[in-house]
Structures are given as structure tokens and as C-alpha cells.
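S.K.: Following is a predicted model, sequence given first.
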Amino acid sequence: MPRWLSSAQEQLSETGRHMRARWYLYLPVLAIWGLAYTRVFIDPTPRIPLVVNWTPSLPYKVAWYSAGPPADLKRGEFVLFRFEGRAVVDYPGLAQQPFFKIVRGLPGDRIAVEGRRVFVNGELVGVAKPQTFDHRPLAPIAAGVIPPGHIFVQGSSPDSFDSRYAESGLVRQAQLLGRVTPLL
């Protein structure tokens with residue numbers, strides 16, 4: 001047997017012994033990763049009623065999912081939706097991953113933009129960053145009235161990719177997968 005293969009087998013065996021001895025550390029990490037992988041990265045319409053948020057866009061990491069497009073949304077509620085914004089061209093993975101955000105504007109609400117500051121019904125909801133993490137330019141959403149069948153969504157982090165940006169835009173009612181209730 002070649003020396004490199006013997007060394008690789010020895011290292012793999014040592015890693016296995018280490019993981020078995022500390023299974024209580026690895027099991028929760030693997031369980032969370034497995035749940036998130038099957039829920040967030042594979043299945044855009046979740047059958048598991050839990051949503052795992054891996055991004056800093058909201059302070060919540062786990063939420064309960066109630067399936068079905070909600071008809072009577074209120075500001076401040078949390079929703080899960082499919083992304084269909086213009087950024088899908090640059091980031092095709094966005095279309096495969098559901099998003100978990102807060103409803104900040106409803107049909108008939110007025111969006112105003114002053115520089116990069118975005119307002120809904122006169123309330124400042126955030127500042128649109130000038131560029132993405134990989135330095136692609138970002139434009140703030142256009143001012144106007146939210147049309148019927150659309151909502152304005154936002155994360156609580158200043159780095160959240162949400163309706164503040166033209167590339168993301170408003171969310172159509174047909175994109176909504178359901179409501180979510182934050183747990184952790």
C-alpha cells in the first residue's frame with residue numbers, strides 16, 4: 001500500500017475516533033445542517049413546518065411555517081416567499097431558495113425615496129446600500145404606490161436584500177408561500 005494512502009487512512013480513522021468521542025458536539029450541528037439543506041436548499045415549497053434562516057437579515061434563526069398564500073396580511077407579519085426579482089439573472093440560486101422577511105408595506109401604501117433612504121407611508125424603513133457584497137451596483141426601489149397584489153418586504157439587518165432595492169422589488173401575492181412565526 002502506498003505511503004500516502006496509509007497516511008490518509010490513519011488520519012480518517014483518527015478523525016472518526018475524535019468525532020465518536022465528541023458526538024454530542026457534532027450531532028446538533030449535523031442535524032441543523034441536514035434540516036436546513038433539505039428545507040432551504042432543495043425544497044422551495046417546504047413540507048417540513050420549520051424554516052431555518054442562515055442569513056443575518058433577521059434576528060430569528062428558526063420559525064414555524066404555515067403553508068398557503070396568506071390573504072389578509074398585516075404590517076409586521078413575517079412571510080416566506082419565492083424570489084423572482086431581477087437579481088436572479090446575476091444570482092440564479094436566489095430563485096431556488098425561499099426568503100423569510102417582514103411585511104412593511106401593503107397595496108395602496110406609498111413608497112418614497114430620498115437619495116438612498118426608503119420610506120413607506122412616510123416612515124423610514126431603511127437605507128439602500130450602493131452595492132452588493134461582490135461590488136455590483138444596487139439601485140433603490142422606484143417611488144410610487146404599491147399596486148394591488150404586491151407587498152413590500154424587508155429584513156431587519158441593513159445588509160438584507162429586500163424590497164428596498166429595484167433588483168429585488170416588490171413581492172407579488174403569487175410568490176408568497178405562507179406565514180412564518182419566529183421561534184428562536
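M.R.: Sure, I can see it. Values in this document were obtained by computation on a predicted structure and should not be read as measured data.

S.K.: tell me the domain ranges of the chain?
M.R.: 3-42, 50-182 (automatic domain parsing).

S.K.: Which residue ranges of this protein form strands?
M.R.: 50-52, 62-67, 78-82, 98-105, 110-114, 117-120, 123-127, 144-145, 150-154, 171-172, 176-182 (DSSP state E).

S.K.: rank these by mean pLDDT and give me the bottom one.
M.R.: Lowest mean pLDDT within these: strand 50-52, at a mean of 72.

S.K.: Could you check it and say which residues are buried?
M.R.: 51-52 (16 or more other C-beta atoms under 10 Å). In short, each C-beta sits where N, CA and C put it, glycine included.

S.K.: Neighbouring strands - and their directions - for it?
M.R.: Strand pairing for strand 50-52, determined by DSSP bridges: strand 62-67 (antiparallel).

S.K.: and the strand it pairs with, how far from the chain's centre?
M.R.: Relative to its chain's centre, strand 62-67 lies at 13 Å (C-alpha atoms, centre = their mean, to the nearest Å).

S.K.: what are the bridge partners for the most centrally placed residue in the chain, then?
M.R.: Centroid-nearest residue in the chain, with C-alpha atoms, centre = their mean: residue 99, separated by 3.5 Å. Taking DSSP bridges as the rule, residue 99 bridges to residue 81.

S.K.: mind listing what it touches?
M.R.: Contact analysis of residue 99 by C-beta atoms under 8 Å, 6 or more residues apart in numbering lists 80-83, 153.

S.K.: thinking again about what came up before, just say which of the domains of the chain is most tucked in.
M.R.: Highest mean neighbour count among those (mean count of other C-beta atoms under 10 Å): domain 50-182, with a mean of 17.

S.K.: Can you get me the start-to-end distance on that one?
M.R.: End-to-end span of domain 50-182 (C-alpha to C-alpha, to the nearest Å): 10 Å.

S.K.: so what's the residue nearest to residue 49 when sequence neighbours are not counted bridging to?
M.R.: Excluding the flanking residues, the one nearest residue 49 by C-beta to C-beta, 6 or more residues apart in numbering is residue 65, at 4.9 Å. When bridges are called by DSSP bridges, residue 65 pairs up with residue 180.

S.K.: quick one: contacts for residue 65?
M.R.: Counting by C-beta under 8 Å, 6+ apart, residue 65 has contacts 46, 48-51, 80, 177-180.

S.K.: now with 6 Å?
M.R.: Counting by C-beta atoms under 6 Å, 6 or more residues apart in numbering, residue 65 makes contact with 46, 49, 51, 178, 180.
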